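Peer 1: sequence and predicted model, in that order:
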Amino acid sequence: MASLGYPDEFNPTRRGFDKYFGELLGHSDYYRYNYFDGLNLLPILTGQEQPRERTFCWRVNRATRQQKAIRHGDWKYVLDGGVDLLFNLKDDISERRDLGYQNQPLLHDLKSRLHSWETDLDRSPPPFLVR
């Protein structure tokens with residue numbers, strides 16, 4: 001693998017795992033040159049912190065599929081092929097009832113959170129592209 005300009009070589013597809021494994025071994029400064037999207041679960045797993053609610057974001061960008069989504073609490077917002085969808089997963093785990101029209105403020109809030117996540121993520125694009 002070509003040098004990425006970091007202190008040592010590593011596989012960028014495993015950055016999240018490597019970061020937390022490095023912290024476990026006491027080498028967290030190794031990754032100070034990198035940005036990592038995610039949450040360190042080690043303090044929760046070792047009992048140093050209580051479990052907490054987390055927001056999850058993801059996106060799929062393929063020629064045959066364009067989708068973005070955010071899960072926040074019981075709610076999930078999906079932008080699928082240009083269509084906005086909002087689901088209450090507590091009441092509709094199968095995602096059959098789109099509630100976006102009835103909950104415009106919530107839809108806009110989740111859409112804004114997703115946009116903020118993407119903006120933050122896009123500030124450090126990956127050194128490779130998977131297709």
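Peer 2: Noted; the coordinates are in hand. Numbers count the residues shown, from 1 in each chain.
Peer 1: please enumerate the strands of the protein.
Peer 2: Taking DSSP state E to define them, one finds strands in the chain at 55-62, 65-72, 75-80, 83-88.
Peer 1: the second one pairs with which strands, parallel or anti?
Peer 2: Okay, so that is strand 65-72. strand 55-62 (antiparallel), strand 75-80 (antiparallel) (DSSP bridges).
Peer 1: now that strand: average pLDDT?
Peer 2: The pLDDT scores in strand 65-72 average 94.
Peer 1: send the alpha carbons of it over as PDB?
Peer 2: Output in PDB follows, covering the C-alpha atoms of strand 65-72 (Å, rounded to 0.1, in the frame of the first residue of the first chain):
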ATOM      1  CA  ARG A  65     -28.700   2.600  -5.700                       C
ATOM      2  CA  GLN A  66     -28.600   6.100  -4.000                       C
ATOM      3  CA  GLN A  67     -29.700   6.100  -0.400                       C
ATOM      4  CA  LYS A  68     -29.000   8.000   2.800                       C
ATOM      5  CA  ALA A  69     -30.400   7.400   6.200                       C
ATOM      6  CA  ILE A  70     -30.300   8.500   9.900                       C
ATOM      7  CA  ARG A  71     -31.600   6.700  12.900                       C
ATOM      8  CA  HIS A  72     -32.200   8.900  15.900                       C
END
